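Colleague: Please find the sequence and the predicted model below.
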Amino acid sequence: MAEALQDSSAMSVVDERRARIHEAAIHEFSERGFAATSMARIADSAGMSRPALYQYFKNKDDIFASAFVALLQGCADRALAALNGSGTTAERLDGLLQRFEGDLWERLAASPHSAELISRKSETQLHTAVDEVMRPFFEGVVTGVAELAGLPLDDARVGAWIELLRLSPRGFKTEEPSVEVFRQRLTDLGTMLAAAIDAA
């Protein structure tokens with residue numbers, strides 16, 4: 001029993017340090033871009049030595065992938081919590097869209113290196129990890145939307161709404177709008193879909 005408590009305590013220390021490294025890395029990559037960010041800068045920003053950083057990550061690519069996936073997972077978790085929370089259908093859909101798409105766009109739009117960071121996230125190594133976050137996220141969205149509408153998961157209307165929720169935000173970004181404009185578009189999308197869902 002004592003060993004199990006020690007293992008869980010050690011795990012929480014590791015998780016806490018990895019989370020601190022993720023935050024430091026996201027800050028450094030946003031401020032400087034991928035190419036100009038060094039392991040030393042990330043270590044310094046995380047409040048640890050460079051050798052200590054290597055205890056958790058192999059290299060800068062490893063940190064980037066892990067930090068991006070952690071950021072994505074956090075947004076996905078908050079988005080599903082909003083969808084499954086309380087409020088009107090429009091409020092819940094807006095919460096879903098704002099916590100996922102809006103928060104990610106705000107983080108990305110704040111960086112002068114967004115194009116470089118977007119191109120880095122296309123790396124093959126990252127695709128598998130992103131899929132591991134996105135698959136259960138969209139399964140949760142399908143379930144949540146179907147429950148809001150009182151329809152079975154395989155109803156064609158649910159599939160159409162999910163497609164709009166998934167694809168519309170991409171189109172909203174094509175001319176790189178301000179965060180405020182993008183968030184308003186998300187709210188408008190949620191309101192329109194809510195009307196269709198409530199009418200089902």
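Modeller: Sure, I can see it.
Colleague: what residue lies at the spatial centre of the protein?
Modeller: The chain has L72 as the residue nearest its centroid, 2.3 Å off, counting by C-alpha atoms, centre = their mean.
Colleague: Let's test this: mean pLDDT of stretch 147-167, rounded?
Modeller: What stretch 147-167 shows for mean pLDDT is 95.
Colleague: And the contacts of that stretch?
Modeller: By C-beta atoms under 8 Å, 6 or more residues apart in numbering, the list of residues contacting stretch 147-167 from outside reads 89, 92-93, 96-97, 138, 141-143, 145-146, 189, 193, 196-197, 200. For every residue, glycine as well, the C-beta is placed using N, CA and C.
Colleague: Report the buried members of those.
Modeller: Neighbour counting by 16 or more other C-beta atoms under 10 Å classes 89, 92-93, 96-97, 141-142, 145-146, 189, 193, 197 among the contacts of stretch 147-167 as buried.
Colleague: Looking at the residues you listed, which are in helices?
Modeller: When the buried ones among the contacts of stretch 147-167 are checked against helices (DSSP state H), the matches are 89, 92-93, 96-97, 141-142, 145-146, 189, 193, 197.
Colleague: which parts of the longest helix along the chain are buried?
Modeller: Ranked by number of residues, the top helix in the chain under DSSP H is helix 2-36. By neighbour count, with 16+ other C-beta under 10 Å as the criterion, the buried positions of helix 2-36 are 17-18, 21-22, 24-30, 32-34.
Colleague: one step back: which ones are touching the residue nearest to the centre of the chain?
Modeller: 104, 130, 133-134.
Colleague: Buried ones from these, can you make that a ChimeraX selection?
Modeller: Here is the ChimeraX selection string for the buried members of those, based on 16+ other C-beta under 10 Å:
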select :104,130,133
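Colleague: Which members of the contacts of L72 are positioned in helices?
Modeller: When those are checked against helices (DSSP H), the matches are 104, 130, 133-134.
Colleague: could those go into JSON lines alongside distance to L117 and pLDDT?
Modeller: Shown next, in JSON lines, are those (distance: C-beta to C-beta, whole Å; pLDDT from 0 to 100):
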{"residue": "L104", "distance to L117": "11", "pLDDT": "93"}
{"residue": "V130", "distance to L117": "14", "pLDDT": "87"}
{"residue": "V133", "distance to L117": "17", "pLDDT": "93"}
{"residue": "M134", "distance to L117": "18", "pLDDT": "93"}
